[in-house]
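Asker: 3D model of this:
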Amino acid sequence: MGRFRRMLDRLSSSQEDLESEELREDTATTGCTRIGDCQDRQIVTVTGTLRTVTLRPRAGVPALEAELFDGSAALDVVWLGRRSIVGIEPGRRLIASGRVSMSRGRRVLFNPKYELRPLGRE
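Answerer: Coordinates of the predicted model:
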């Protein structure tokens, strides 16, 4: 009965729901912290998919800003003094480590250590 119910749930779920579930499972298997569980000033390692990447100056300094989503919540990743970074593009998966701060009610990682994940299925 449980298998049948799971199959029905998958068939009736939207593509976005399925992708979010896959990202949550990936977070658990890599041993990373869920973005939804991150607290202000906490040192974390998170993983997810980059939804957007934009160049947005902060205080007159170039800043590359990306939104990382792991299926539970989103987090802004900001590299100060950078206009672009090879491999940082929408749809790319990565692991980022650093101290979370809160800015305008959103979680932010400034200048994190990061590891690009392989493209496609692993």
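
Asker: list the buried ones in the helix or strand residue 47 falls within?
Answerer: According to DSSP states H and E, residue 47 maps onto strand 43-55. The neighbour-count check on strand 43-55 (16 or more other Cβ atoms under 10 Å) flags 44, 45, 46, 47, 48, 49, 50, 53 as buried. Glycine gets a C-beta too; all of them are placed from N, C-alpha and C.

Asker: Which of the residues you listed sits closest to residue 14?
Answerer: Relative to residue 14, the closest of the buried residues of strand 43-55 is residue 49; by Cβ to Cβ it sits at 16.3 Å.

Asker: Pretty sure the closest one sits against residue 22.
Answerer: No: applying Cβ atoms under 8 Å, one finds residue 49 not in contact with residue 22, separated by 9.5 Å.

Asker: Which element is encountered next along the chain beyond the strand holding residue 47?
Answerer: With elements assigned by DSSP H and E, the helix or strand that comes after strand 43-55 is strand 63-69.

Asker: Show me what the helix or strand following that next one is packed against.
Answerer: For strand 63-69, the succeeding helix or strand toward the C-terminus, using DSSP H and E, is strand 74-80. Strand 74-80 sits against strand 43-55, strand 63-69, strand 93-103, strand 106-110, with contacts defined as 3 or more Cβ pairs under 8 Å, 6 or more residues apart in numbering; DSSP states H and E.

Asker: Switch those strands over to a markdown table; also include mean pLDDT.
Answerer: Formatted as a markdown table, the helices and strands packed on strand 74-80 follow (pLDDT from 0 to 100):
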| stretch | mean pLDDT |
| --- | --- |
| strand 43-55 | 96 |
| strand 63-69 | 96 |
| strand 93-103 | 96 |
| strand 106-110 | 96 |
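
Asker: Out of these, which gets nearest to residue 14?
Answerer: Proximity to residue 14, assessed across these by Cβ to Cβ, is greatest for strand 63-69 (15.2 Å).

Asker: what does the closest one rub up against?
Answerer: 23, 35, 46, 48-57, 74-85, 88, 94, 96, 109 (Cβ atoms under 8 Å, 6 or more residues apart in numbering).
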